[in-house]
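In: Pasted the sequence and its predicted model underneath.
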Amino acid sequence: MAGSGFESLEQCLEKHLPLAELQEVKRLLYGKETRKLDLPGAALEAASRGDFELQGYAFEAAAEQQRRPRTVRVGLVQNRTPLPADTPVVKQVTALHRRMEAVVEVAAMCGVNIICFQEAWTMPFAFCTREKLPWTEFAESAEDGPTIKFCQELARKHGMVVVSPVLERDSDHGDVLWNTAVVVASSGAVLGKTRKNHIPRVGDFNESTYYMEGNLGHPVFQTQFGRIAVNICYGRHHPLNWLMYSINGAEIIFNPSATIGALSESLWPVEARNAAIANHCFTCAINRVGREHFPNEFTSGDGKKAHQDFGYFYGSSYVAAPDGSRTPGLSRTRDGLLVAELDLNLCRQVNDIWGFKMTGRYEMYARELAEAVKPDYTPKIVKE
Ligand SMILES: NC(=O)NCCC(=O)O
């Protein structure tokens, strides 16, 4: 069932399993239990009035003698596009700004320090169409475009770091487009930007028609609340992409995404969670929700009949911790805000237990990879 008829795995388990079995199934599926956060009543009411789900969980770390807990609250936002895709561009962007304003207000009530929106959050995910206008009109400057200015206001108002994934137009370099995430510091200053390194060429994800593979490497941003990085959507299928953010010191890696049930839903719970385990860090997987219809039919050279929508974006945003535990996912059908309290001390604590950074043979891989990418390389296969 790849559509909207199924609310969430968690709801299904809770409905059908007796309590004792439920606890055991949750232990096996999610690892060490995350504590439910006691969120303010006013925030829950505002979320209900605004018709979005609000959930909160805390990951705990052991007490240390020499470091205080390094507690940070992150907010993950998943949403539908509120207006049809054929509404004028500025109206769509404005409606999304208003929607996020309301969600961020609730995040602030819940003490969120760092918030991240979904991939290309100011627009419908129109890359499936391969049409240029009007979709390229959603692109804007990552330094002073209307959305960045909007995020700067949010950051200043709430003292919150805002991670804003947008379609970037880079007017300093020939008006080229990029799939970018801008990190706005809690002061309101633009701390920097990072670009999507891996571009899908699968099914209707015809994104290579619009922008190139990112050229900024794997930057990590030192915020007031911890070191963060952003691995945009399809980058989550590439373990080395996660690894490089971790090597540069990321403690939290956000994965703002746009992906559909028929393609990736069974991979979704595995990939970001595995990255958290393998890299001793927290990962935050965010997916959009719902079905988006486009004015003209399109095909993607895969034998499917011409169609006007992508399929179903299944939401299910979640946070995973370095010890392999994870929060339940947000709903598959509703807009939502997931608040997670992280103690960043857990990253080093798990590193000390499992020691993947210590046992990783990076020098050997670097040497072998450097050989493998040479045009005259022959795979090392031992034959009889
Ligand atoms: N937005 C995007 O890169 N989607 C590709 C499909 C996927 O990675 O699941």
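Out: Okay, I see it. Numbers count the residues shown, from 1 in each chain.
In: count of neighbours near Val176?
Out: Neighbours of Val176 under the rule other Cβ atoms under 10 Å: 14. For glycine as for every other residue, the C-beta is placed from the backbone atoms N, C-alpha and C.
In: So what touches the helix or strand where Phe150 lies?
Out: In this assignment (DSSP states H and E), Phe150 forms part of helix 146-158. The contact list for helix 146-158, computed with Cβ atoms under 8 Å, 6 or more residues apart in numbering, reads 93, 97, 100-101, 104, 107-108, 112, 122, 140-142, 160-162, 164, 166, 182, 184-190.
In: Spell out which residues of the stretch 251-384 of the chain are next to the ligand.
Out: For the stretch 251-384 of the chain, the contact set with the ligand under Cβ under 6 Å from any ligand atom comprises 257-259, 263-264.
In: Make CSV out of those and add secondary structure and pLDDT.
Out: Output for those, formatted as CSV (DSSP: H, G, I helix; E, B strand; the rest coil; pLDDT from 0 to 100):
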residue, secondary structure, pLDDT
Ser257, strand, 98
Ala258, coil, 98
Thr259, coil, 98
Leu263, helix, 94
Ser264, helix, 96
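In: which one of those residues is nearest Leu29?
Out: Using Cβ to Cβ, Ser264 comes nearest to Leu29 of those, at 18.3 Å.
In: Let me see the mean pLDDT of stretch 13-26.
Out: The predicted model gives stretch 13-26 an average pLDDT of 94.
In: try stretch 283-290
Out: What stretch 283-290 shows for mean pLDDT is 98.
In: Likewise for stretch 265-276?
Out: For stretch 265-276, the mean pLDDT works out to 98.
In: just how off-centre is it within its chain?
Out: The gap between the average C-alpha position of stretch 265-276 and the chain average comes to 12 Å, counting by Cα atoms, centre = their mean, to the nearest Å.
In: Going by neighbour count, list what's buried in it.
Out: For stretch 265-276, the neighbour count (16 or more other Cβ atoms under 10 Å) marks 265, 268-269, 271-276 as buried.
In: how about the residues of the stretch 51-200 of the chain near the ligand?
Out: 119, 200.
In: now the residue of the stretch 51-200 of the chain at minimum distance from the ligand, nearest residue through space, not along the chain?
Out: Residue of the stretch 51-200 of the chain nearest the ligand, by Cβ to the nearest ligand atom: Pro200 (3.8 Å). In space, Pro200 comes closest to Tyr234 once its chain neighbours are excluded; the distance is 4.4 Å by Cβ to Cβ, 6 or more residues apart in numbering.
In: Going along the chain, name the helices of the stretch 151-300 of the chain.
Out: Here the stretch 151-300 of the chain has its helices, by DSSP state H, counting those that start in this stretch, at 239-247, 261-264, 268-279.
In: need those in TSV with distance to Ala229, can you?
Out: Shown next, in TSV, are those (distance: least, Cβ to Cβ, whole Å):
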stretch	distance to Ala229
helix 239-247	4
helix 261-264	21
helix 268-279	10
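In: of all these, which lies closest to Thr333?
Out: Using Cβ to Cβ, the helices of the stretch 151-300 of the chain put helix 261-264 closest to Thr333, at 11.3 Å.
In: Could you tell me how far the closest one lies from the centre of the chain?
Out: From the chain centre to the centre of helix 261-264 is a distance of 16 Å (Cα atoms, centre = their mean).
In: what helices or strands is that helix leaning on?
Out: Taking 3 or more Cβ pairs under 8 Å, 6 or more residues apart in numbering; DSSP states H and E as contact, there are no helices or strands that helix 261-264 lies on.
In: contacts for that helix?
Out: Outside helix 261-264, the residues that touch it by Cβ under 8 Å, 6+ apart are 1-3, 202-203, 205, 311-314.
In: Between those, which sits nearest Leu177?
Out: Once Cβ to Cβ is applied, the member of these that ends up nearest Leu177 is Phe205, at 15.6 Å.
In: And for that closest one, the neighbour number?
Out: As a burial measure, Phe205 scores 21 neighbours (other Cβ under 10 Å).
In: Hmm, it is touching Tyr234, no?
Out: Yes. Shown here, Phe205 and Tyr234 form a contact pair, counting by Cβ atoms under 8 Å, at 7.4 Å.
In: tell me which strands and helices the top helix by length along the chain is in contact with?
Out: Looking across the chain with DSSP state H, the single longest helix is helix 89-109. Judged by 3+ Cβ pairs under 8 Å, 6+ apart, helix 89-109 is in contact with helix 41-49, strand 71-78, helix 146-158, strand 336-343.
In: Now tabulate those in a markdown table and tack on distance to Pro379.
Out: What follows is those, written out as a markdown table (distance: least, Cβ to Cβ, whole Å):
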| stretch | distance to Pro379 |
| --- | --- |
| helix 41-49 | 54 |
| strand 71-78 | 41 |
| helix 146-158 | 46 |
| strand 336-343 | 41 |
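In: can you tell which of the ones you listed is closest to Asp302?
Out: Of all the helices and strands packed on helix 89-109, strand 71-78 sits nearest to Asp302, with 26.8 Å by Cβ to Cβ.
In: Just the C-alpha atoms of that closest one, please, in PDB.
Out: Extracted in PDB, the C-alpha atoms of strand 71-78 (Å, rounded to 0.1, in the frame of the first residue of the first chain):
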ATOM      1  CA  THR A  71      21.400  18.900  25.300                       C
ATOM      2  CA  VAL A  72      19.900  20.300  22.100                       C
ATOM      3  CA  ARG A  73      16.400  20.100  20.700                       C
ATOM      4  CA  VAL A  74      15.900  19.600  17.000                       C
ATOM      5  CA  GLY A  75      12.700  20.100  15.000                       C
ATOM      6  CA  LEU A  76      11.900  18.200  11.800                       C
ATOM      7  CA  VAL A  77       9.200  19.600   9.600                       C
ATOM      8  CA  GLN A  78       7.300  17.600   7.000                       C
END
